[in-house]
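*Asks:* what's the 3D shape of this:
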Amino acid sequence: MTLSSSDEILNQIDHALSDHSVGPDAMRCRPEPVPAPVPSVPTVPFIGGRMAAREVVARRLVDEHGLTPDDAAAAVHAVETGQPTEHHHLVTAAAQAAAAELAQRLGQVFAAFTRALEPMARAAAAVVRQLDDALRAAGHRASSSRRGGRRERKAWESPYGPSSRRKR
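*Replies:* Numbering: from 1, shown residues only. Predicted coordinates:
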């Protein structure tokens, strides 16, 4: 009697389920995934960003190295897809320079954003201090317990009442 491939698979599953030396996670194990190689040109996760990044790198190649727009676009495409090109080092350098320029601009934007938020943070801290002072003046105080109130029982006592007595 010959078994079909599906019967063989079902027999293997039945054997694995009844084999007590195999743990329950054995059926779900997978080999570690192989990480993708790091591209030399920075990748951008969305299509519009990739197109813009390609254009920036190609424009740098035209402006700084005198390539024609078609040669620059072909070189960027070749590097992005992993194909050999004589302009590989130029494309890589242009992409790294564009990424460094973008990082510098983002740093400037974040610094300006931080400077703009400082007065608001100071004002919020002052309001919180005033609220704390007002609450203290009214007799409220910060509590260290989680519920915020005073404990009505000792820490070792059960909140559910006395333990029940077992009958022997």
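*Asks:* now for the strand or helix carrying A134, which elements pack on it?
*Replies:* Element membership for A134, per DSSP states H and E: helix 88-137. Packing partners of helix 88-137 (3 or more CB pairs under 8 Å, 6 or more residues apart in numbering; DSSP states H and E): helix 47-65, helix 69-81. For every residue, glycine as well, the C-beta is placed using N, CA and C.
*Asks:* and the angle for it with helix 69-81?
*Replies:* Here helix 88-137 runs at an angle of 70 degrees relative to helix 69-81 (axes from the mean of the first three to the mean of the last three CA atoms, to 10 degrees).
*Asks:* returning to what we had before: just say which of the helices and strands packed on helix 88-137 is most tucked in.
*Replies:* helix 69-81 (a mean of 17; mean count of other CB atoms under 10 Å).
*Asks:* so which elements touch that helix?
*Replies:* Under the contact criterion of 3+ CB pairs under 8 Å, 6+ apart, helix 69-81 touches helix 47-65, helix 88-137.
*Asks:* what's the average pLDDT for the helix holding A134?
*Replies:* For helix 88-137, mean pLDDT rounds to 91.
*Asks:* do the same with stretch 5-20
*Replies:* Averaging pLDDT along stretch 5-20 yields 72.
*Asks:* for stretch 105-120, C-alpha coordinates in CSV please.
*Replies:* Presented in CSV, the C-alpha positions along stretch 105-120 are these (Å, rounded to 0.1, in the frame of the first residue of the first chain):
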residue,chain,number,x,y,z
ARG,A,105,18.2,70.1,8.2
LEU,A,106,16.1,67.8,10.5
GLY,A,107,18.3,68.7,13.4
GLN,A,108,17.8,72.4,12.7
VAL,A,109,14.0,71.9,12.6
PHE,A,110,14.0,69.9,15.9
ALA,A,111,16.1,72.6,17.6
ALA,A,112,13.7,75.3,16.4
PHE,A,113,10.8,73.2,17.6
THR,A,114,12.4,72.7,21.0
ARG,A,115,13.0,76.5,21.3
ALA,A,116,9.4,77.2,20.4
LEU,A,117,8.1,74.8,23.0
GLU,A,118,10.2,76.1,25.9
PRO,A,119,8.0,79.0,26.9
MET,A,120,4.9,76.8,26.8
